[in-house]
Structures are given as structure tokens and as C-alpha cells.
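Asker: Dropping the sequence and predicted coords here.
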Amino acid sequence: MLPSLTDAEIVKLWDKDPGLLKSLHKQHEERIQASVDDPLRYGFNLAGWSRIQDALETSDEALVLGGNRSGKTTGCAKAVMRAVQESMDGHIVCFSQNEDTSIKVQQAAIWEMMPKEFKKKTKSIEGYINYSMQNGFTAKSFIFPDTRTRVDFKTYTQFSNNQTILEGMEFGFKDPKGINIGTWLDEYLGDATLVNTLRFRLATRNSKMLIGFTPIDGFTPFVAEYLAGAEIQETRYAELLDRDLPVVQNCSERDAKIVYLHSDENPWGGYKRIAKDLASQSEEEIMVRAYGIPVKSMTSLIPMFSTSVNVLGDEENQHKMQFPDISDKSQFTCYQVLDPAGARNFVSIWAAVNEEGEVYVIREWPDRYNYGECALFGEPRWKYGPAAKKIGFDIAAYVELFQEIEEDLGIEVYERVGDSRYFARENENNEDLFTVFSDHGMDFVPSSGVMEETGIAALDEWFAYNPNAKVDAANKPMCYLHESCENTLDSLINYNSRGKNDEALKDFFDVMRYLRMINSGDGPDHYNPSIINALDTKNKGY
């Protein structure tokens, strides 16, 4: 900010040197006017815009997420126009949702950053600029005269209708003097098809990709690919949540950075009004609206599931309760749910329920820490990850593994539930899995056979609460996951029941459904230890 003189300073200077006061006032007002007339050269940079520039300097791709009125689009436009002005003979392509948003948002933002001397119709052998507020740039393109750099504006619909529109093109600069930007995708809601096409068009000139996204309605599977396993590199204090939140993250799977722009970083964005409107909103709403942090998938079948509410760790803080000690049999009754597979590893979760009916998913197998992801995002479908690759355990090995896990957790399982259809299949000895597991000392009961839609609806009820009110004893969901259950978490967020496209996500989603449908859909019960002891016929099972 450029502060003006205080009233006391004005009076003091007027008495001492009126000429100096007039000179300072003129410089102050001219500096402000220059920032309006030519924001590319003289505009005031927001802190988030510097993070965008830094990300593009150090990584091939930058995903920019912003809160309401955080200046995300303006910051991206400034980065693009700086690249246009700095380097010679380049070609940049800018994508928007449709022609209307391209003209009113993306092209308008680029025009705002156009140097003052070119904000007029410019026509020469080496350049062409013709812009109107009504129609944007003529022919959806301009050539910057000083650097002979072409900028084209296209829409996602154009590419969807004709995926050859980029054939033969190379984007970026052959000899960049600054940041080598080749493309800017604004509010990208698509899958990886366009991005993968552009990556090959950027490779020749080793240029950068800039992607903007507003997570108000949740994140797409494509954005989830960036977010998965991202490591926090830089944080900033979030006033409305009274804690630090990430502003820069490193992507784990590619050379990319995620940059967050906070609403309170833009002094012209009306932050005081935004903060006032968010005062009574949920933490999830605040994270999205004020800080641009995605908290749920657009396509989720469990829309109320929230990582900020339903995922707990071993340490309590002012925003989340601590995951309870579920080894106390007087407080919790434990269950195991198992989904076998022929060509893949079996999938299992362990959960505990207390007297109030609160369910805590304690452990998953195979887990991300030891085995990696069970599902990897791909186009056009999710793919099985390393954790799904069959280890080759027989039933005896699985029983031994499960016993080790339960011993490590310090729990005794009251009931084990297995996928009713797969468990009922008979092997070459005419034995089903119920029999084989029982022969090895573990008894399973069949899962509910209700339709998948019924189980999904019931599972959604477990995560229901009023997001516009404080989470407390009277307003809370009934199901929580330990933060180590990352494969289960991915499944709950991303599974969308799209047949084969989502098949790799289905196993962990299914075991959660089976858990929910125990006791004819009422869910697992907590049993008094005295009753359990009366029913105990074995040392390790009931």
C-alpha cells in the first residue's frame, strides 16, 4: 500500500513548507494514477502474485487456487503479460470456459495489463491489437508489437468439439528472457485430456503451464491429482481460523506447485465484508471461500464428508478433537470388515463404536504408508495402484496378518463381516471363505445384500451435520477416520459409481458400506463387556 499523509503531517508541512506539501501530494496521486493506467509496469503487486511468479520460476506447472476476491485472475493475467513483454517471438494460448467468460473475464484481465501505449488499435507488420469491451480482441487474438509475441484465446468447448485445434503448434518462447509461459488455463474443470495435449506442445520450448481454479463447488479428479500427497512448503496465518494454512505446496507426482491466494491479501477485494459474511459459516466454508483450500470432491457420493471434520489425528488441537483410545473394551466395541478379491489384495478396515453410536475407523489394510496407493487417478479412468498388486497371501497368512494388526492396536474384534457374495463362492474343495476362515480360527458373518444405492444413502447419513453451525456435542457427524486411513479417505472423496471408470476406488468404499449396513442397516452396536464375556467361547473371537 502507498499511505497518504496524516492530518497532523499535512498541517505541520503546510506551516513549514507549502510547496513541499504540494509536491508530495502530487507524487502520491501520480503514483496511484500510474498504477491504474499501466498496472503491468507500475501496479501494486499482491503477495500472492509474487508466489505465482516464484512457482513458475521453479516448476513446470503452477496450479493457482484462490478465495473469493483474492485477485487470482488478475495475478495470472499479469504473469502472462509480463512474459509477453519480456521475450521475443513467443506464442501463448489462453483457455476459458466459454466465449462469454473468455471475453468478460480472461480477455478483460489481459487488456487491463496491456501497457498504456498499446491500449489503442495498433496495426503494423510485426503487431496487431484491436480490442473492445463488447467483443474482446478481434479474431480472439493479438500480436504484441514490441516482441512479436502472439496470444490466442480459446475455449474448452472448442477443444472438446475438435481436439485437433492445437495440432502443429508450439507454445512458449525459443529464447526466453523472463519466465517462459506457454499456456494459461482459467477455471479449468475438465479432465487431463487437454492438459496432456498441451504438455507435449510445451515440451519443445520447455515452457510453463499456469492453471487457475476456484474450489467453491469442490475439486475435480484432475485437481485431486495435484493435491494428492502435496507437501507444504510455505504457510500463512489465517485470521478467520486462527491457525496457519498452506500458501505454497509441492506436488508429489510431477514438477508442479500449488499456490493459494487468500482473500485478505487483496486490499481492494472487500475482505471486511467477506469476513463478516463468513462469521457464522462452517470451517469448511471458510477454508474454501476465504483461503481457496478445496475440502471435497465435486463428484463425491458423500457430499457432507469433510477432511476438516471427519479425519482425526492422535493429537488434539483447538479445531479438532483427538482420535480416541479404542483399546478400552468398556468404551468401544470393535469390528473388522473384509472385501476379498481374486486378482488383487484383500481390502479390510477395523472400526470401533461407542455407546453413543459414534464410529471410528481405526486402521485399513493395505495402508498407504506401507503399500502405497490402492487407486491412482488416470484418464479416462482410475487405475489400480501398487497397494492393489497381489502379494500372494493364502488364508492362513491373512489370518496371521489380521491377528498381528489387532495385537498392535490392542483390540479384540467382536464381529467380523465379509462381502456376502465373494465369501459364498466355493473353491475347488467345495468350501467357501466362511468355512476356510473359520477353519483357521476366524469367524465371519455375511455383509448386507441390500442395493448399493441404499448403502450409499445410509453411509451419507453417518457424515451428516449442520455445516453452518459449530461442531459440538449436539451437532456432529457419527463417523470418523484416523488420518492414517488414506486409501479409505481417497475412496470416500472420489468414488462416483461410474462402473469401470471408478473400479479401482470401489473396494474401500464397499467395506465402508458394509460397515454401515451391519445390523440390517442400523450400523454396528456397542456391547457391554459383561455381555461379551458371557458370550465368549474362544480366547480371540466371539
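Answerer: On my side now, so go ahead.

Asker: In the chain, which helix is the longest?
Answerer: helix 18-37 (DSSP state H).

Asker: Who does Thr333 form a beta bridge with?
Answerer: Val353 (DSSP bridges).

Asker: pretty sure it is touching Val353, no?
Answerer: Yes. With contact defined as CB atoms under 8 Å, Thr333 counts as touching Val353 (5.6 Å). Every residue, glycine included, has its C-beta placed from N, CA and C.

Asker: which residues do the two both contact?
Answerer: Common contacts of Thr333 and Val353, defined by CB atoms under 8 Å, 6 or more residues apart in numbering, comprise 524-526.

Asker: I'd like the mean pLDDT over stretch 488-495, please.
Answerer: The average pLDDT within stretch 488-495 is 87.

Asker: what's that stretch in contact with?
Answerer: Contacts for stretch 488-495 (CB under 8 Å, 6+ apart): 221, 224, 228, 296-297, 299-302, 305, 307, 311, 349, 361, 364, 373-375, 377, 382, 481, 502, 505-509, 511-512.

Asker: For that stretch, list the C-alpha coordinates in PDB.
Answerer: C-alpha atoms of stretch 488-495 as PDB (Å, rounded to 0.1, in the frame of the first residue of the first chain):
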ATOM      1  CA  THR A 488     -10.200 -45.200   2.500                       C
ATOM      2  CA  LEU A 489     -10.200 -41.400   2.600                       C
ATOM      3  CA  ASP A 490      -9.400 -41.200  -1.200                       C
ATOM      4  CA  SER A 491     -12.200 -43.700  -1.900                       C
ATOM      5  CA  LEU A 492     -14.800 -41.700   0.100                       C
ATOM      6  CA  ILE A 493     -13.900 -38.500  -1.600                       C
ATOM      7  CA  ASN A 494     -13.600 -39.600  -5.200                       C
ATOM      8  CA  TYR A 495     -15.700 -42.700  -5.700                       C
END
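
Asker: Flag every buried residue along that stretch.
Answerer: 488-495 (16 or more other CB atoms under 10 Å).

Asker: Is Asn45 located within a strand, as I assumed?
Answerer: No. Counting by DSSP: H, G, I helix; E, B strand; the rest coil, Asn45 is not found in a strand; it is coil.

Asker: Could you shift the numbering so residue one becomes 47, and keep it that way?
Answerer: Yes, from this point I'll number from 47; that puts the last item at Asn91.

Asker: For it, give me its contacts.
Answerer: The neighbours of Asn91, taking CB under 8 Å, 6+ apart as the test, are Lys124.

Asker: gap between stretch 287-307 and the chain center?
Answerer: Mean-position distance between stretch 287-307 and its chain equals 10 Å (CA atoms, centre = their mean, to the nearest Å).

Asker: So for it, first residue to last residue, what's the gap.
Answerer: End-to-end distance of stretch 287-307 (CA to CA, to the nearest Å): 15 Å.

Asker: quick one: low-confidence parts of this protein?
Answerer: Flagging of the chain using pLDDT under 70 yields the residue ranges 47-48, 267, 342-345, 362-366, 423-426, 513-515, 543-547, 576-588.

Asker: Mark which of the contacts of stretch 534-541 are part of strands, please.
Answerer: Counted as lying in strands by DSSP state E, out of the contacts of stretch 534-541, are 357, 395, 407, 410, 421, 527.

Asker: which ones are touching the first one?
Answerer: Listed by CB under 8 Å, 6+ apart, the contact set of Val357 reads 526-529, 535.

Asker: filter those to the buried ones?
Answerer: For these, a burial check counting by 16+ other CB under 10 Å picks out 526-528, 535.

Asker: any idea which of the buried residues of stretch 534-541 is closest to Trp314?
Answerer: Ile539 (34.6 Å; CB to CB).

Asker: What's opposite the nearest residue to Phe490 once chain neighbours are set aside in the beta bridge?
Answerer: Counting by CB to CB, 6 or more residues apart in numbering, Phe490 lies nearest to Gly464, which is 4.0 Å off, once chain neighbours are set aside. Counting by DSSP bridges, Gly464 forms beta bridges with Leu384, Pro492.

Asker: any idea how far Gly464 lies from Ser394?
Answerer: To Ser394, Gly464 is 9 Å away according to CB to CB, to the nearest Å.

Asker: Overlap in contacts, the two.
Answerer: Joint contacts of Gly464 and Ser394 (CB under 8 Å, 6+ apart) are 383-385.

Asker: what ranges do the helices span in the stretch 447-588 of the chain?
Answerer: Taking DSSP state H, counting those that start in this stretch, the helices of the stretch 447-588 of the chain run over residues 466-469, 479-485, 498-508, 532-540, 549-562, 575-581.

Asker: For Gly218, which of those helices is the nearest?
Answerer: Per CB to CB, nearest to Gly218 of the helices of the stretch 447-588 of the chain: helix 532-540, 32.5 Å.

Asker: Now do the closest one and helix 498-508, the angle between them.
Answerer: Orientation note: helix 532-540 sits at an angle of 100 degrees relative to helix 498-508 (axes from the mean of the first three to the mean of the last three CA atoms, to 10 degrees).

Asker: Give me the angle between helix 532-540 and helix 549-562.
Answerer: 100 degrees.

Asker: before we move on, the earlier item: turn the ones in strands among the contacts of stretch 534-541 into CSV, including distance to Gly173.
Answerer: CSV is the format used below for these (distance: CB to CB, whole Å):
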residue, distance to Gly173
Val357, 54
Ile395, 62
Val407, 61
Glu410, 59
Ala421, 50
Leu527, 57
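
Asker: domains for this protein, by residue range?
Answerer: 53-83, 87-344, 356-581 (automatic domain parsing).

Asker: tell me the SS of Arg196?
Answerer: strand.

Asker: Also the one 10 residues further on?
Answerer: Of the three states, Ser206 takes helix according to three-state DSSP.

Asker: Would you check how far apart it and Asp548 are?
Answerer: Separation of Ser206 from Asp548 (CB to CB) stands at 21 Å.

Asker: With neighbour numbers in mind, choose between the two.
Answerer: Between Ser206 and Asp548, Asp548 has the larger neighbour count (other CB atoms under 10 Å), namely 20 against 11.

Asker: so what's that one up against?
Answerer: 427-428, 540-542.

Asker: Apart from its chain neighbours, what residue comes closest to Leu286?
Answerer: Nearest to Leu286 is Ile332, by CB to CB, 6+ apart, at 5.1 Å.

Asker: how many neighbours does Thr500 have?
Answerer: Count around Thr500 with other CB under 10 Å applied: 14.

Asker: you'd agree it is up against Arg562?
Answerer: No. With contact defined as CB under 8 Å, Thr500 does not reach Arg562; the gap is 9.9 Å.

Asker: hmm, back to that, how close does the residue nearest to Leu286 sit to Met350?
Answerer: Taking CB to CB as the measure, Ile332 falls 16 Å from Met350.

Asker: next one: Ala387
Answerer: Per CB to CB, Ala387 is found 29 Å from Met350.

Asker: Look at the two and report which has more neighbours.
Answerer: Of the pair Ala387 and Met350, Met350 is the one with more neighbours under other CB under 10 Å, namely 18 against 13.

Asker: Look up phi and psi at the more buried one.
Answerer: For Met350, the backbone dihedrals (degrees, to the nearest 10) come out as phi -80, psi -10.

Asker: That one against Phe509, yeah?
Answerer: Yes. In this structure, Met350 is within contact of Phe509 by CB under 8 Å, at 4.4 Å.

Asker: Pull up the overlap in contacts between those two.
Answerer: Counting by CB under 8 Å, 6+ apart, the shared contacts of Met350 and Phe509 are Pro523.

Asker: circling back to that earlier point, what's the closest of the contacts of Asp548 to Phe164?
Answerer: The nearest member of the contacts of Asp548 to Phe164, counting by CB to CB, is Asn540 at 45.4 Å.
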